[in-house]
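Undergrad: Quick one, fold the following:
(one chain, ligands or ions: 1)
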Amino acid sequence: MTDTQSPSRYYLTTPIYYVNARPHLGHAYSTIVCDTIARRKRAQGVDTYFLTGTDEHGQKIERSAQAAGCTPQEFATKISAEFRGLWDQLGLTYDDFIRTTESRHKRGVQHLFATLRDKGFIYKGSYTGQYCVSDEAYVDGPPGTPCPDCGRITETVSEENYFFKLSAFERKLLEFYEANPNFMGPESTRREVVSFVRSGLKDLSVSRTSFSWGIPVPGDEKHVIYVWLDALANYITALGYGSDDPVDQARFAKFWPADMHLIGKEISRFHCVYWPAFLMAAGLPTPRSVKANGWLLFDQGKMSKSRGNIVRAETVQAVLGADALRYFLLREIPFGQDGSFSFDALVQRYNADLANGYGNLVSRVVNMVHKYFGGIVPETGAATAAEAALRASAANALAAFGPAFDDLNFSEALKSLWTLVAETDGYLTANAPWKKPPDRSDEDHAALQARVLSTAAEAIRIITALVYPILPDSAAKVWLQLGQGEIADAAKNAFLTNLAWGGLKPGTKLGKPSPLFPRAEKDAVDRMQNIEEQNNKSVIEAASGGADNSGSAAKAEASAPPQQQSIPPQAPAAPQAQPSPPQESQAPALYQGTTSVVPPTQPKELGAFAPEGGSSAAPAAPEQSTHITIDDFSKVDLRVAQILVAERVPKADKLLRLEVDLGYEKRQILAGIAQHYEPEKLVGRKIVIVANLAPRKMRGLESNGMLLAASLPDGAPVLAGFLEEVPLGARLK
Ligand code: ME8
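TA: Numbers count the residues shown, from 1 in each chain. Model (predicted):
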């Protein structure tokens, strides 16, 4: 099914991003990787089509829009514009940006659905089962089953649906994987997908009736098409699939099948199982490859809106520039593996490799050519062993960089290139053209300067050309400084196809030296952290009406857990300072030291439920104003959680041990409600917890939070809950 690789054109895609959250560094990561690939391909003379876009249908978006008080279309338009705006701000060179609410997409998806139905691969049936709204995925298991991908508790759906005969493709897919060993990567993804298919494929429900925010099934409009069938089709609809227009048809014929779908590893099943099966069923060629990036981790978890541990690309761009971000992501994280992001690591890498490394090398050489040769590249003269060695290093870098890069091994590619940076630096230092020993004649010294500086400048030219896809802005500046003109023009002329030693001609007039990567001072980390804090604060204020309204999207996003840096993980107290080991009868600390945050009257109305007798055992609240500010309140992180496990704690008649699911994580909490609630009856119940309370140990068990309950006059707790459906992890504010 897979065509042979066509060297003359290349079609690559990012996932299309959900519009329920603003873009963060995780989204930027996949898009930046694609941008570097697209730039390299174009600079090799390959006709390249780079597609990105936004995924705008589905129940999740419908609910986010509802929460924000606007229509799904308004909501999608706002967030989609943020993605596109950010990609433009970062200088990403996508050729097309598709929105799944565009008519060209709807037309194509309906055409695909009708084709699959006409070919007998779609039939009507009924489905009762579990569905994860967050991942828009069907899940096997009984009611209450958590989603295997995100851990959220699934919802039970019971609907008349259209089904796709996925089961008919089990063998075909396995044969396809076998015949195309490079179809999926990395190896871990390939293994996972193969074992998923080997374990048996069931037919897939491909329509929904319980909500309407989607593309109607042609001819049966009360159904909307399953969001993943809708979303995956973007890769063909953007090219013109389903259109009668000859221009669209020619584009589709030229660029399909895609050379690479670049995705995050969590959506491999959709891309490596469902997508090829849909295409095979429709009689269309399958993509040539699907490659999964690992996860960007921050504060020990996958960076994601639902965990609230996000960093924005704009923040890094504002302080260190977009190139620094691109370099860090590609150099620091071996592609395909998870990688931690931290501001400290970013600044260290920036200073070591860019400011002190490449940037400093360029500045030394360009300045010396100006100082000693009036800015004109001198004749090299006869090469010595030192020049031959540097030239050999450049040849090594040229030989190593391309294959590593084309294998998506960006980190290794850059490492090999930075070996050349270090060797050029070492060559300069060893030959010290700035220092004339007393026993060297003026003539000999001038010859050495000419030889060394022109050789070093040529090495810089090679480095700059190779690194251009990763550091496009900086490479453009260096290209000008090397007197080579606009690098964008060079790229258009496919300058990477004939890159070889010797391109910097004597007599070339260098451009003015200009700073590339000013050293980041110690405060760079603080500055980035402050921007993130301010960002988060303004989102919270906008949501509470306390600040300039930054729009419905901001409101919806405010329901995400806060960024860890901006909200103190615990309120400013020190519950650890208990004089004696906590007893079951002691309150697990809501009021300990957090009294400036929560008014002392609050526990009576919406009791942060302490084990029985807790409120009287809690330390007295200090004197304080009866009013708190919105900032004070926002320090208490109240969240919706669901009880997964409830059991009595041995030898403690008041305590229950609960395992609760916050959607973005699971944790254990202890609650003194055993005399009022049977543990079995609590399982599955949605409750409210204080999520950022300092952990405490009771009876040797750690409690990570506290549930909220009203406290009746006789002291009995009544758990706080909701009448409407609420997603796990939703914040109370
Ligand atoms: O899944 N680390 O959209 P999405 C690395 N609409 N990459 C990350 C990341 C992280 N922490 N967070 C996000 C969807 N990404 C669907 C896709 S495609 C037909 C439909 C990147 O908004 C990564 O590429 O949840 C991941 O697959 C994608 O964003 C998920 O974006």
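Undergrad: bridging residues for Ile225?
TA: Note on Ile225: beta-bridge partners by DSSP bridges are Ser207.
Undergrad: Could you check how far it is from the ligand?
TA: For Ile225, the distance to the ligand equals 13 Å [Cβ to the nearest ligand atom, to the nearest Å]. The way it works is simple: take the backbone N, C-alpha and C, and place the C-beta from them, glycine included.
Undergrad: tell me the strands in the stretch 1-150 of the chain, going along the chain?
TA: Per DSSP state E, counting those that start in this stretch, the stretch 1-150 of the chain carries strands over the ranges 9-13, 17-18, 47-55, 96-99, 122-132, 137-139.
Undergrad: what's stretch 328-338 in contact with?
TA: Stretch 328-338 is contacted from outside by 29, 32-33, 36, 185-186, 188-189, 265, 291-297, 302, 316, 339, 345-346, 349-350, 353, 408-412, 414-415, 470, using Cβ atoms under 8 Å, 6 or more residues apart in numbering.
Undergrad: Let's test this: mean pLDDT of it, rounded?
TA: For stretch 328-338, the mean per-residue pLDDT is 97.
Undergrad: What distance separates the opening and closing residues of that stretch?
TA: The straight-line separation of the ends of stretch 328-338 (Cα to Cα, to the nearest Å) is 14 Å.
Undergrad: Does it reach the ligand?
TA: No: using Cβ under 6 Å from any ligand atom, stretch 328-338 never reaches the ligand; the gap is at least 7.8 Å.
Undergrad: I figured Ala710 hits Ala716, correct?
TA: No: look at Ala710 against Ala716 with Cβ atoms under 8 Å: they stay out of range, at 9.2 Å.
Undergrad: which ones are touching Phe517?
TA: Residues near Phe517 by Cβ under 8 Å, 6+ apart: Gly321, Ala324, Tyr350, Leu354, Ala355, Tyr358, Gly359, Ser474.
Undergrad: let's see 10 Å
TA: 320-321, 323-324, 327, 350-351, 353-360, 362-363, 471, 474 (Cβ atoms under 10 Å, 6 or more residues apart in numbering).
Undergrad: Narrow those residues to those that are buried.
TA: Among the contacts of Phe517, those buried by neighbour count (16 or more other Cβ atoms under 10 Å) are 320-321, 323-324, 327, 350-351, 353-355, 357-360, 362-363, 471, 474.
Undergrad: Give me the distance between Ser188 and Ile333.
TA: Per Cβ to Cβ, to the nearest Å, Ser188 is found 15 Å from Ile333.
Undergrad: picking that back up, any quick PyMOL command for the buried ones out of the contacts of stretch 328-338?
TA: If you want just the buried ones from the contacts of stretch 328-338 in PyMOL, going by 16+ other Cβ under 10 Å, the selection is:
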select buried, resi 29+32+33+36+185+186+189+265+291+292+293+294+295+296+297+302+316+339+346+349+350+353+408+409+410+411+412+414+470
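Undergrad: Could you check the pLDDT of Ala543?
TA: Note for Ala543: predicted pLDDT of 43.
Undergrad: State the phi and psi torsions of Pro148.
TA: Backbone torsions of Pro148, given as degrees, to the nearest 10, read phi -60, psi -20.
Undergrad: If the closest residue to it other than its chain neighbours is in a bridge, with which residues?
TA: Distances taken as Cβ to Cβ, 6 or more residues apart in numbering put Val139 closest to Pro148, at 6.6 Å, once the chain neighbours are dropped. Partner residues in beta bridges with Val139, using DSSP bridges, are Gln130.
Undergrad: Isn't Val139 up against Gly151?
TA: No: in this structure Val139 lies outside contact range of Gly151 using Cβ atoms under 10 Å: 11.1 Å.
Undergrad: interface residues of this protein facing the ligand?
TA: Within the chain, the positions near the ligand by Cβ under 6 Å from any ligand atom are 15-18, 26-27, 29-30, 55, 231-232, 234, 263-264, 266-267, 293, 295-296, 302-304.
Undergrad: how much space is there between the residue lying closest to Asn161 once chain neighbours are set aside and Gln337?
TA: Distances taken as Cβ to Cβ, 6+ apart put Ser205 closest to Asn161, at 4.2 Å, once the chain neighbours are dropped. Counting by Cβ to Cβ, the gap from Ser205 to Gln337 is 34 Å.
Undergrad: Mind checking which of those two has more residues around it?
TA: Counted by other Cβ atoms under 10 Å, Ser205 and Gln337 do not tie: Ser205 has more neighbours, with 22 against 13.
Undergrad: Find the closest residue to the ligand in the stretch 351-500 of the chain.
TA: Nearest residue of the stretch 351-500 of the chain to the ligand: Leu408, at 13.7 Å (Cβ to the nearest ligand atom).
Undergrad: Need the pLDDT of that residue.
TA: Looking at Leu408, its pLDDT reads 98.
Undergrad: same thing with Pro579?
TA: pLDDT for Pro579: 29.
Undergrad: Quick one: mean pLDDT for stretch 173-186?
TA: For stretch 173-186, mean pLDDT is 98.
Undergrad: Now Met368: closest residue in space that isn't a chain neighbour?
TA: With Cβ to Cβ, 6+ apart, the residue lying closest to Met368 is Leu453, at 5.5 Å.
Undergrad: secondary structure element for that neighbour?
TA: Assigned by DSSP states H and E, Leu453 belongs to helix 442-467.
Undergrad: Please apply the same query to Lys477.
TA: Following DSSP H and E, one finds Lys477 within helix 472-481.
Undergrad: and the angle for that helix with helix 442-467?
TA: 150 degrees (axes from the mean of the first three to the mean of the last three Cα atoms, to 10 degrees).
Undergrad: For helix 472-481, list every residue counted as buried.
TA: The neighbour-count check on helix 472-481 (16+ other Cβ under 10 Å) flags Pro472, Ser474, Ala475, Ala476, Lys477, Val478, Trp479, Leu480, Gln481 as buried.
Undergrad: what's near enough to touch the closest residue to the fourth one other than its chain neighbours?
TA: In space, and not counting its chain neighbours, Ala476 is closest to Ile487: 4.5 Å by Cβ to Cβ, 6+ apart. Residues in contact with Ile487, defined by Cβ under 10 Å, 6+ apart, are 43, 464-465, 468, 472-480, 495.
Undergrad: How much space separates Ile487 from Pro506?
TA: Taking Cβ to Cβ as the measure, Ile487 falls 21 Å from Pro506.
Undergrad: Please apply the same query to Thr115.
TA: Separation of Thr115 from Pro506 (Cβ to Cβ) stands at 63 Å.
Undergrad: Give the residue from those two that has the larger number of neighbours.
TA: Between Thr115 and Pro506, counting by other Cβ under 10 Å, Thr115 is the more crowded of the two (18 against 13).
Undergrad: So what's the residue count around the closest residue in space to the more buried one that isn't next to it in sequence?
TA: The spatial neighbour of Thr115 that comes closest, neighbours along the chain excluded (Cβ to Cβ, 6+ apart), is Ala282 at 5.0 Å. Residues near Ala282, counting by other Cβ under 10 Å, number 18.
Undergrad: shouldn't Ala282 be in contact with Lys119?
TA: Yes: Ala282 is within contact range of Lys119, at 7.1 Å (criterion: Cβ under 10 Å).
Undergrad: tell me the contacts of the residue lying closest to Ile79 once chain neighbours are set aside?
TA: In space, and not counting its chain neighbours, Ile79 is closest to Val19: 3.8 Å by Cβ to Cβ, 6+ apart. Residues in contact with Val19 (Cβ under 10 Å, 6+ apart) are 54-58, 60-61, 64-65, 72, 75-83, 99-101, 553, 556.
Undergrad: any idea how far Asp140 lies from the ligand?
TA: From Asp140 to the ligand the distance is 20 Å (Cβ to the nearest ligand atom).
Undergrad: That residue: neighbouring residues, count only.
TA: Applying other Cβ under 10 Å, we find 10 residues neighbouring Asp140.
Undergrad: Repeat that for the one 4 residues further on.
TA: When counting by other Cβ under 10 Å, one arrives at 14 neighbours for Gly144.
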